[in-house]
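>>> Quick check, what structure comes out for this input:
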Amino acid sequence: MTTAVAPNHIGPLRTIQHGLTLSARSVRKIRKNPEQLIDVTLQPILMLVMFTYLFGGAIGGGDRDAYLQLLLPGVMVQTTLFASLGIGVALCTDISKGVFDRFRSLPIARSAPLLGAVFGDVIRYATSLIIMLVFGMILGFRIHTDPLSAVLDLLLMIAFGLCLCWVSVLVGMLVKSPQAVPGALIAFILPLTFASNVFVPTSTLPGWLQAFTDVNPVTLLTEVNRGLLNGGPVSGPLFGALAWMVGFVVVFYPLAMRAYRRRVS
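I've put the predicted structure just below:
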């Protein structure tokens, strides 16, 4: 019995095609086990309720409705950050169980399993963002722009998640245990989230911290969200956010691929 071996040279288009084919595996896993989405649906709702009703009166000067308008676009960014944890855990689990050994016997691009997992994560990002937006509107959040701006905002958040998730992929390839992935990534995510303008205006922070906050990708994405949903300037923070998104891919994609090849070799 012969074992299928991937061709030595597979073009980018074929690699993407292989990745999209394997992404169906991630979708089937979610369909069979929808509880996998609990972390990206329940956690954002709890954060929104907690900050709106427990801290909103103090932070928002007593106007919880106004604070909700400020808060929800930022929590959408935070939700995308935490949703990226899942792919690192899933990939580390698959490798530990030998799933990727079976992939190596298929005539596909070596990077296709990673790309398939990343493409499949679109479901997680879209589900969490839509549920949060709908729940926010139940609480009283209102879109003050137009439906097209809201759709563009959701697409931008999904694109941000796809760029950011390569950090999670890298960690999933480096650590030995799936249980270690969330701890390593939270140490990266929490400073980005809380040293930003998600929960409080940047002007209330100490001067030394504002220098970091102003260039923080979470701050820039939050400003874009607020502009697209509440109205306001978008182009300035958008260019900065796109630069960060490109940077995440340029830096962490090759590192993740190198770590992946070493892990499965």
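
>>> what about residue 127, helix or strand, and which?
Residue 127 is part of helix 122-139, with elements assigned from DSSP states H and E.

>>> Tell me which residues of the helix or strand following that helix come out buried.
Sequence order places helix 147-174 as the next helix or strand after helix 122-139, per DSSP H and E. Counting neighbours by 16 or more other CB atoms under 10 Å, one finds that the buried residues in helix 147-174 are 149, 153-154, 156-174. (Glycine included, C-beta is placed from N, CA and C.)

>>> now stretch 194-212: mean pLDDT?
Model confidence over stretch 194-212 averages 88 on the pLDDT scale.

>>> contact partners of it?
Contacts of stretch 194-212 with the rest of the structure, by CB atoms under 8 Å, 6 or more residues apart in numbering, involve 51, 55, 59, 71, 74-75, 77-78, 213-214, 216, 218-219, 222-223.

>>> which among those residues end up buried?
So, of the contacts of stretch 194-212, 51, 59, 71, 74-75, 77-78, 213, 216, 218-219, 222-223 end up buried under the neighbour-count rule (16+ other CB under 10 Å).

>>> Of the residues you listed, which one scores lowest on pLDDT?
By predicted confidence, those are weakest at residue 59, whose pLDDT stands at 78.

>>> Need the residues that contact stretch 230-250.
Applying CB under 8 Å, 6+ apart, the external contacts of stretch 230-250 come out as 69, 73, 143-145, 156, 159-160, 163-164, 166-167, 215, 217, 219-221, 223-224, 226-228.

>>> Could the C-alpha coordinates of it be exported in PDB?
Once side chains and other backbone atoms are set aside, the C-alpha atoms of stretch 230-250 remain, and they are given as PDB (Å, rounded to 0.1, in the frame of the first residue of the first chain):
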ATOM      1  CA  ASN A 230     -21.700  55.900  16.000                       C
ATOM      2  CA  GLY A 231     -20.300  58.300  13.400                       C
ATOM      3  CA  GLY A 232     -17.100  60.200  13.400                       C
ATOM      4  CA  PRO A 233     -13.600  60.100  11.800                       C
ATOM      5  CA  VAL A 234     -12.500  56.700  10.400                       C
ATOM      6  CA  SER A 235      -9.700  57.200   7.900                       C
ATOM      7  CA  GLY A 236      -7.000  58.100  10.400                       C
ATOM      8  CA  PRO A 237      -7.300  55.200  12.800                       C
ATOM      9  CA  LEU A 238      -8.200  52.900   9.900                       C
ATOM     10  CA  PHE A 239      -4.800  53.300   8.300                       C
ATOM     11  CA  GLY A 240      -3.100  52.600  11.600                       C
ATOM     12  CA  ALA A 241      -5.300  49.500  12.200                       C
ATOM     13  CA  LEU A 242      -4.600  48.200   8.700                       C
ATOM     14  CA  ALA A 243      -0.800  48.700   9.300                       C
ATOM     15  CA  TRP A 244      -1.100  46.600  12.500                       C
ATOM     16  CA  MET A 245      -3.100  43.900  10.700                       C
ATOM     17  CA  VAL A 246      -0.500  43.600   7.900                       C
ATOM     18  CA  GLY A 247       2.200  43.600  10.500                       C
ATOM     19  CA  PHE A 248       0.600  40.700  12.400                       C
ATOM     20  CA  VAL A 249       0.600  38.600   9.200                       C
ATOM     21  CA  VAL A 250       4.100  39.600   8.000                       C
END
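
>>> Name the residues of it that come out as buried.
Burial within stretch 230-250, assessed by neighbour count using 16+ other CB under 10 Å, is assigned to 230, 234, 237, 238, 240, 241, 242, 244, 245, 248.

>>> ok, now how distant is the fifth one from residue 146?
In this case it means residue 240. To residue 146, residue 240 is 24 Å away according to CB to CB, to the nearest Å.

>>> Likewise for the last one?
Plainly put, residue 248 is 29 Å away from residue 146 if you go by CB to CB.
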